[in-house]
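# Based on what follows, work out the 3D shape:
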Amino acid sequence: MQLAELRKIYDAEGPYATVYLETQEASEDAAKQIELRWNSLK
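Below you'll find the model as predicted:
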């Protein structure tokens, strides 16, 4: 993982937000799973 690009964030004064992305393997009902996840986040 290349972390050099993140240096700008660490050096800057806030506020800023971070995002955690959890990925899973593709499945037959992946589109439905994505829709359900986004709806639960709304």
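# average model confidence for the helix or strand Lys32 falls within?
Element membership for Lys32 (DSSP states H and E) is helix 30-41. For helix 30-41, mean pLDDT is 88.
# mind checking the SS state of Tyr16?
Here Tyr16 is recorded as coil under DSSP: H, G, I helix; E, B strand; the rest coil.
# my bad, Glu5
Applying three-state DSSP: Glu5 is helix.
# about what we covered before: only the buried residues of the helix holding Lys32, if you could.
By 16 or more other C-beta atoms under 10 Å, helix 30-41 has no buried positions at all. Every residue, glycine included, has its C-beta placed from N, CA and C.
# Outside of it itself, list whatever touches it.
Contacting residues not belonging to helix 30-41 are listed as 24, 27 [C-beta atoms under 8 Å, 6 or more residues apart in numbering].
# what distance separates it from the centre of its chain?
Remark: helix 30-41 is offset 14 Å from the chain centroid, using C-alpha atoms, centre = their mean, to the nearest Å.
# List every C-alpha atom in that helix, with coordinates, as CSV.
Output in CSV follows, covering the C-alpha atoms of helix 30-41 (Å, rounded to 0.1, in the frame of the first residue of the first chain):
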residue,chain,number,x,y,z
ALA,A,30,-24.0,-9.0,-5.2
ALA,A,31,-26.2,-6.3,-6.6
LYS,A,32,-28.9,-6.9,-4.1
GLN,A,33,-26.4,-7.1,-1.2
ILE,A,34,-25.0,-3.7,-2.3
GLU,A,35,-28.4,-2.2,-2.5
LEU,A,36,-29.3,-3.4,1.0
ARG,A,37,-26.0,-2.1,2.5
TRP,A,38,-26.5,1.4,1.0
ASN,A,39,-30.1,1.5,2.1
SER,A,40,-29.1,0.6,5.7
LEU,A,41,-26.5,3.4,5.6
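# Name the residues that touch stretch 13-24?
The contact list for stretch 13-24 (C-beta under 8 Å, 6+ apart) reads 9, 33.
# Which residue lies nearest the spatial centre of the protein?
The residue lying closest to the centre of the chain (C-alpha atoms, centre = their mean) is Leu21, at 3.0 Å.
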